[in-house]
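> Here is the input, now give the coordinates:
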Amino acid sequence: MRLIEPILVGPTERVRAVAAQSGIDIGGMEIINSAHSHDSAAKAVELVAAGRVEALMKGSLHTDELMSAVVPKESGIRTARRISHCFIMDVPGHSEPLIITDAAVNIAPDLDEKVDIIQNAIDLAHALGAAEVRVAILSAMETVTAKVPSTIEAAALCKMAERGQITGALLDGPLALDNAISPEAAAIKKIVSPVAGCANVLVVPDLEAGNMLAKSLSFLAQAEAAGIVLGARVPIILTSRADSLVTRVASCAVAVMLAAARRKSAPSAIR
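Numbers count the residues shown, from 1 in each chain. Modelled structure (predicted):
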């Protein structure tokens, strides 16, 4: 499809053997030899640091092996932003894609970490061409109560957006899932806001909630998903070895759009 121009990083002979077994011609692709999976991750990060690549994609190594090369302050490629993950989900019957964050990296983010998680998702939505970014901070209910800490954090995040600490989007919360994506549910609850009922970014309280939401959409609603990690110098595609071809290709497309947006905002960025 010529969507990406891959540089393969791994033990050369093993890479060639796998390609031959699968009937894939990699004759025109650059292969950078490595000793093992940790060495592969380190050399891939070096390609970013050298300005040779605009995205990383996990192959058959484990996620923690790749991310352990990404996050060190001295040798890694992290930025001042918190690293976070976004699912971009195409849900049958829903009018537009949904961005769900964070369901894969941050287990129990605090308020400050959620600021970065939200800003990463907003920047992603703009890179994907969203005309308006509407962020719902999810909880189990739409009222603020000390009995449910995620409702207090949601209210604080909305106030932070009002004060310019989060930019580029409309925020509302706390919102239950139905109030966030269903205009009918929002109307019944008499919730009036530019976000309620039509959110296109869903911020979950923690990884457990996000993981369950994303997998429910995939396995019960047959949603197609792409996944991307943000907060590093380049987008990182962290697909699972069990992911479908559609998920892999869609994740590559998201990374390409992010790279193009970064190129546009910083003309001197790597090509």
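> distance between the ends of stretch 219-230?
25 Å (CA to CA, to the nearest Å).
> Which residues does that stretch contact?
81, 83-93, 104-105, 120-121, 123-124, 214, 217-218, 235-239, 244, 246-247, 250-251, 253-255, 258 (CB atoms under 8 Å, 6 or more residues apart in numbering). For every residue, glycine as well, the C-beta is placed using N, CA and C.
> number of nearby residues for A136?
30 (other CB atoms under 10 Å).
> What of G197?
22.
> same check, this time on R248
16.
> correct me, but it touches T239?
Yes - R248 is in contact with T239 according to CB atoms under 8 Å; the separation is 5.3 Å.
> circling back: can you flag the buried ones in the contacts of stretch 219-230?
Buried subset of the contacts of stretch 219-230 (neighbour count, 16 or more other CB atoms under 10 Å): 83-91, 104-105, 120-121, 123-124, 214, 217-218, 235-239, 247, 250-251, 253-255, 258.
> Can you pick out the ones from the residues you listed that are in helices?
120-121, 123-124, 214, 217-218, 247, 250-251, 253-255, 258 (DSSP state H).
> Can you pick out the most distant pair from those residues?
For these, the maximum inter-member distance is 24.2 Å, found between D123 and S218 (CB to CB).
> Would you map the helices across the stretch 1-150 of the chain?
12-22, 37-49, 63-70, 111-127, 149-162 (DSSP state H, counting those that start in this stretch).
> in terms of contact count, name the helices or strands touching the last one.
Judged by 3 or more CB pairs under 8 Å, 6 or more residues apart in numbering; DSSP states H and E, the packing partners of helix 149-162 are helix 111-127, strand 134-138, strand 170-175.
> of the ones you listed, which approaches V48 most closely?
helix 111-127 (17.5 Å).
> which residues sit against the closest one?
With CB under 8 Å, 6+ apart, helix 111-127 has contacts from 81-82, 84, 86, 88, 99, 101-102, 106, 109, 133, 135, 137, 153, 156-157, 160, 165-169, 171, 200-201, 203, 228, 230-231, 254, 257-258, 260-262.
> before we move on, what about stretch 171-186?
So stretch 171-186 is contacted by 94, 98, 118, 134-144, 148, 150-151, 154-155, 157-158, 161, 189, 191-199, 202-203, 213 (CB under 8 Å, 6+ apart).
> mind redoing it with 7 Å?
135-142, 144, 150-151, 154-155, 157-158, 161, 189, 191, 193, 195-199, 202 (CB atoms under 7 Å, 6 or more residues apart in numbering).
> Any of those buried? List them.
135-139, 142, 150-151, 154-155, 157-158, 161, 189, 191, 193, 195-199, 202.
> G168 against V135, yeah?
No - applying CB atoms under 7 Å as the test, G168 and V135 come out as separate, 9.5 Å apart.
> Without its sequence neighbours, what residue ends up closest to the most centrally placed residue in the chain?
Taking CA atoms, centre = their mean, the centroid of the chain lies closest to C86, which sits 2.3 Å from it. Nearest in space to C86, with sequence neighbours left out and distances taken as CB to CB, 6 or more residues apart in numbering, is T101 at 4.6 Å.
> can you count the residues close to that neighbour?
So T101, with other CB under 10 Å, has 29 neighbours.
> thinking again about what came up before, look up the pLDDT of the residue nearest to the centre of the chain for me, please.
We have a pLDDT of 97 for C86.
> Okay, and the beta partners of it?
Beta bridges link C86 to I228, judged by DSSP bridges.
> For it, give its distance to S37.
According to CB to CB, to the nearest Å, C86 and S37 sit 25 Å apart.
> follow-up on the earlier one: per-residue pLDDT, the residue nearest to C86?
96.
> Pretty sure it sits against I83.
No - in this structure, T101 is not within contact of I83 by CB under 7 Å, at 11.6 Å.
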